[in-house]
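Enquirer: sequence? don't have it. structure:
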């Protein structure tokens, strides 16, 4: 098993990929740099092989890119987060995200 780090860019948190029996991504960055994060992830794993995403907490710099990652991973990827994190993601409210003009869910400003 290997654990690899994608260093955060700008406001992004670090993103981790855990290779092993159940390939996992931990945190997803803000979503502002998803394309470059996905390019680095592809160096470690075929994105279609990712089976789960773990979100450590609801801060935008850790969860903002989850939608982008889910789009490229295909069906069947499980996402795990604390129940309060899930509520905040569904609601789309994040003061930090709003300061950047962004949103945490499909509720977008335009």
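Expert: Looks like it came in fine. Being a predicted model, the structure only gives us computed values, none of them experimental.
Enquirer: CA only for contacts and neighbour counts going forward, please
Expert: Fine.
Enquirer: which residues of this structure fall in helices?
Expert: Assigned by DSSP state H, the helices in the chain fall at 34-44, 60-63, 66-73, 83-91, 95-99.
Enquirer: ok, what's across the strand from residue 80?
Expert: residue 54 (DSSP bridges).
Enquirer: tell me how far it lies from residue 56.
Expert: If you measure residue 80 against residue 56 using C-alpha to C-alpha, to the nearest Å, the figure is 9 Å.
Enquirer: what's the answer for residue 23, then?
Expert: 16 Å.
Enquirer: with residue 31 instead?
Expert: Distance from residue 31 to residue 56, by C-alpha to C-alpha: 16 Å.
Enquirer: next one: residue 86
Expert: Taking C-alpha to C-alpha, one finds residue 86 at 11 Å from residue 56.
Enquirer: again with residue 14
Expert: Relative to residue 56, and taking C-alpha to C-alpha, residue 14 is found at 11 Å.
Enquirer: what touches both of these two?
Expert: Between them, residue 14 and residue 56 share these contacting residues under C-alpha atoms under 8 Å, 6 or more residues apart in numbering: 27, 62.
Enquirer: surely residue 85 and residue 57 touch.
Expert: Yes. Taking C-alpha atoms under 8 Å as the definition, residue 85 is a contact partner of residue 57 at 6.0 Å.
Enquirer: let me have the helices of the chain in a markdown table, extended by mean pLDDT, distance to residue 5 and mean neighbour count.
Expert: As requested, these are exported to a markdown table (pLDDT from 0 to 100; distance: least, C-alpha to C-alpha, whole Å; neighbours: other C-alpha atoms under 10 Å):
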| stretch | mean pLDDT | distance to residue 5 | mean neighbour count |
| --- | --- | --- | --- |
| helix 34-44 | 95 | 9 | 15 |
| helix 60-63 | 89 | 14 | 26 |
| helix 66-73 | 93 | 16 | 16 |
| helix 83-91 | 76 | 23 | 15 |
| helix 95-99 | 59 | 23 | 14 |
